[in-house]
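Student: From the sequence below, what's the structure:
(one chain, ligands or ions: 1)
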Amino acid sequence: MKRVLSIQDISCVGKCSLTVALPIISAAGIETAILPTTILSTHTAFKGFTFRDLTDDVPPIIDHWKKENITFDGISSGYLGSFRQIELVEQIFTDFKREGVLRFVDPAMGDNGKLYVGFDEAFAKRMGKLCAKADIIDPNLTEAAFMLGEKYPGDAYDEKYVRELLKRLCGLGCPLAVLTGVSFEKGRCGVAAYNENKDEFVTYFSEHLPVSFHGTGDVFSSALFAALIAGQKLELALQTAVEYTVESIKQTISYPEHNWYGVDFESAIPAFLKLLGKI
Ligand code: PXL
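Tutor: This is a model prediction of the structure:
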C-alpha cells in the first residue's frame, strides 16, 4: 500500500485541513500519515477560535520517523500557521526525499481576494518560496496573486491572463501549477494547469454552482493528491478532483439545513471511488 504524509492543522470543527485530507486520501486506499502543525477549535472563519501551536513537537516527530526508517510516496502540505512551520515543511521535503516522492503544496492562505485571518503579504511571499520546492502546487486566484505580489483580478480575467499567470507561478520554481476556481464561460467553473517540462496547458471544467463554501479547496487538493498517488494521469486526476468537489457541494446544498462552514464531502465518497475507478 502506498503511504503519504499530510502536513497541516487540525481544525477540530470546520471540515477542512486534516479532518478532510485524512478521510479522503484514506478512502482512495492510501495509507495516510498525518503531521498536525496546529490545533484550532474551529477554522478561522469562526469567531473566537483557540489556536495551539504544535511547531515544537515537529522536529522530534521527524527524528523519530527517521530512526524508524519511515518513508513516504507523497508529502503534501496545506494550511500552515507560521514562517517556522513553512521552514519545517521544507526540511521534511529534504529529509524524506527519495526517487518518485510527490511533493504537493496547497498554499492555503485565502480566497475571494483576501488572505485568511492571521496572514499577511510577507507570509504569502514566503509561501511562494515553499512552492519552489514542490513538484505540484494548487493555489486559487487569490493565493496566486498574493504569492506573486500581483493585484487580485476578481472576475476580470481571460484565458490569456490565466495561461500567463500559470507560467509566472511555475517561475516560482515548481514545474507544475494548477490554478483552482477558474471560469472562462458563464455557468462553467474548474481548473487550469501548466506543465512547464512539457510546455502543456490543460483545463477541466464542470458545472458552476452559484454557491461558495469554506473547505472546498481542501477537498479538491486532497482528492487531486490522492488521485495522482493512485496513479491517475494529470488530466484524469483533475477531472476526478473537480467532479468530486462539485458532488460534495451538491450533497451539501441538497439538505436545506446544511451547515455554513464546510461541505458534505463524506456523502460524496462513493462518487469519488467511482471517479477513481475503484468501484
Ligand atoms: O480550508 C483552509 C483552512 C485550513 N485551516 C484553517 C483555516 C482554513 C481556512 O480558513 O482557517 C485553520
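Student: who touches the longest helix along the chain?
Tutor: Within the chain, and with DSSP state H defining each element, the longest helix by residue count is helix 234-253. The contact list for helix 234-253 (Cβ atoms under 8 Å, 6 or more residues apart in numbering) reads 176, 178, 190-191, 193, 195, 202, 204-207, 209, 211, 213, 216, 219-221, 223-224, 227-228, 232, 258, 263-265, 267-268, 271-272, 275-276. For every residue, glycine as well, the C-beta is placed using N, CA and C.
Student: moving C-terminal of it, what's the next helix or strand?
Tutor: Downstream of helix 234-253, the next assigned helix or strand under DSSP states H and E is helix 269-275.
Student: And the average pLDDT for that following helix is what?
Tutor: When pLDDT is averaged along helix 269-275, the result is 98.
Student: just checking, what packs against that helix?
Tutor: helix 18-27, helix 234-253 (3 or more Cβ pairs under 8 Å, 6 or more residues apart in numbering; DSSP states H and E).
Student: For Val101, find the nearest of those helices.
Tutor: Val101 lies closest, by Cβ to Cβ, to one member of these: helix 18-27, at 15.1 Å.
Student: which secondary structure elements does that closest one contact?
Tutor: By 3+ Cβ pairs under 8 Å, 6+ apart, helix 18-27 packs against strand 3-13, strand 31-42, helix 216-229, helix 269-275.
Student: Need these in a markdown table (columns: mean neighbour count and distance to Leu22).
Tutor: Shown next, in a markdown table, are the helices and strands packed on helix 18-27 (neighbours: other Cβ atoms under 10 Å; distance: least, Cβ to Cβ, whole Å):
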| stretch | mean neighbour count | distance to Leu22 |
| --- | --- | --- |
| strand 3-13 | 22 | 7 |
| strand 31-42 | 18 | 5 |
| helix 216-229 | 28 | 9 |
| helix 269-275 | 18 | 13 |
